[in-house]
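Chemist: Curious how this folds, go ahead:
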Amino acid sequence: MTDLDPASSVLPYSLIVGQEELRSALEIAYVSDAVGGVLATGQRGTAKTTTVRAFTLMLTGELPVTLPIGATDDRVLGGWKIDKLMEGKPEAQDGLLVEASRSAAGILYIDEINLLDDYLVNIILDVVSTGVLNVQRDNLAEESVPARFTLVGTMNPDEGSLRPQLLDRFGLVAEVRPENDEERRAEIMEAVLTFHDDPDAAQVQEARRRDEQRRAALQEAKARVGDVGWAPGTLAACARLAGAFGLAGHRGELVLARAARARAAIDGDTEVTTGHVAAVARPALVHRRSNGDSGSLPIWEDTDDALVAERLRDG
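Modeler: Prediction:
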């Protein structure tokens, strides 16, 4: 591997310790595009970005298209190649939104998304909603361009909240917590140090083989998710949870049902059951409860888990 090979600088997906909630959310969003995007929230240094990059690299061999803080309009929306423009030979260049749509992973990744400029947030909201990029400059509308991608963002809640309109566009929210168990911390250190000291070590090579197996399993799940049926009462259970958590509109229960179906496909099951619904309830519902439109995430309590269990038993 060369220094330019992303696999030489990003930890293999199967070598990551922990991160179960984030990995599950990313896998579900890949298997079922209709679930929507994924938001990872947690303090800095908890490997949120590493996990997203490792996941995309495992799936496609490429890193995700990334929208950096401070990106210019032209870089996001598309513009002209500067070198060609200076030569008097103007040549159009796709923006990051179109690049993400056409990338192998179909992912637009935004780190520190809560710090993104409101102007760009509005554009992204429109594109995510319509699947079309419409650009108007100097009162001249450019030709509309298809732009469908999965939005994946990370944020540190200590650095500010996220606009409610954007928060609602994420199908799933994964809370990333630091590992406090000493053995797990030791596992993390061993994995990271082994990889950086010797990317060709046997442990790393074994992780890459597991990555290949995981990629094949997820591709199979994606191909068969539409054939997964519904056990009696499962959709009614999703509706009960939506009512119990006071969800506005119907997006929440649709995401809940689609995520449960993707979970069933990943697990190799032929029917969605309330067990699958329970498994995805927190990431599908945590950001959809009433929070005064503050854009902050209410804490998911043990009482919320108890409410999920109670409503799922009601059927």
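Chemist: Quick one: residues contacting Ala244.
Modeler: Leu307, Arg311 (C-beta atoms under 8 Å, 6 or more residues apart in numbering). For glycine as for every other residue, the C-beta is placed from the backbone atoms N, C-alpha and C.
Chemist: how close does it get to Leu26?
Modeler: 27 Å (C-beta to C-beta, to the nearest Å).
Chemist: ditto for Arg169
Modeler: Distance from Arg169 to Leu26, by C-beta to C-beta: 16 Å.
Chemist: Of those two, give the one with the bigger neighbour count.
Modeler: Leu26 (27 against 20; other C-beta atoms under 10 Å).
Chemist: Let me know the helix or strand that the more buried one is in.
Modeler: Leu26 is part of helix 20-31 when elements are defined by DSSP states H and E.
Chemist: Which elements pack onto the helix or strand just after that helix?
Modeler: Heading C-terminal from helix 20-31, the first helix or strand you meet, by DSSP H and E, is strand 37-41. Helices and strands touching strand 37-41, by 3 or more C-beta pairs under 8 Å, 6 or more residues apart in numbering; DSSP states H and E, are helix 20-31, helix 48-60, strand 150-155, strand 170-175.
Chemist: relative to helix 20-31, how tilted is the longest one?
Modeler: Between the direction of helix 48-60 and that of helix 20-31, the angle (axes from the mean of the first three to the mean of the last three C-alpha atoms, to 10 degrees) works out to 40 degrees.
Chemist: tell me the contacts of the residue nearest in space to the middle of the chain?
Modeler: Geometric centre of the chain, nearest residue: Val38, 2.8 Å, by C-alpha atoms, centre = their mean. The contact partners of Val38, taken as C-beta under 8 Å, 6+ apart, are 22, 25-26, 29, 150-153, 170-174.
Chemist: List the buried residues in the helix holding Leu26.
Modeler: Glu21, Leu22, Arg23, Ser24, Ala25, Leu26, Glu27, Ile28, Ala29, Tyr30, Val31 (16 or more other C-beta atoms under 10 Å).
Chemist: check contacts around the third one.
Modeler: Applying C-beta under 8 Å, 6+ apart, we find Arg23 in contact with Tyr13, Ile16, Thr51, Phe55.
Chemist: which of the residues you listed has the most neighbours?
Modeler: That'd be Phe55 among the contacts of Arg23, by other C-beta under 10 Å, with 29 neighbours.
Chemist: Spatially nearest residue to that residue (excluding sequence neighbours)?
Modeler: Setting aside the residues directly before and after it, Phe55 is nearest to Leu26 in space (C-beta to C-beta, 6 or more residues apart in numbering), at 4.8 Å.
Chemist: With Pro178 instead?
Modeler: Nearest to Pro178 is Thr46, by C-beta to C-beta, 6+ apart, at 5.3 Å.
Chemist: where exactly do the helices run in this protein?
Modeler: Listed in chain order, the helices of the chain (DSSP state H) span 20-31, 48-60, 73-77, 82-86, 96-102, 118-130, 164-167, 182-197, 202-224, 234-244, 251-267, 274-285, 302-313.
Chemist: quick revisit: make CSV out of the helices and strands packed on strand 37-41 and add distance to Asp198 and mean pLDDT.
Modeler: Shown next, in CSV, are these (distance: least, C-beta to C-beta, whole Å; pLDDT from 0 to 100):
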stretch, distance to Asp198, mean pLDDT
helix 20-31, 25, 94
helix 48-60, 18, 93
strand 150-155, 28, 90
strand 170-175, 31, 92
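Chemist: okay, those in JSON lines with distance to Leu116 next?
Modeler: JSON lines is the format used below for the helices and strands packed on strand 37-41 (distance: least, C-beta to C-beta, whole Å):
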{"stretch": "helix 20-31", "distance to Leu116": "20"}
{"stretch": "helix 48-60", "distance to Leu116": "15"}
{"stretch": "strand 150-155", "distance to Leu116": "8"}
{"stretch": "strand 170-175", "distance to Leu116": "13"}
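Chemist: Out of these, flag the one nearest Leu285.
Modeler: strand 170-175 (9.0 Å; C-beta to C-beta).
Chemist: Output the below-cut-off pLDDT ranges for the stretch 1-150 of the chain.
Modeler: 1-4, 7, 79-93, 135-143 (pLDDT under 70).
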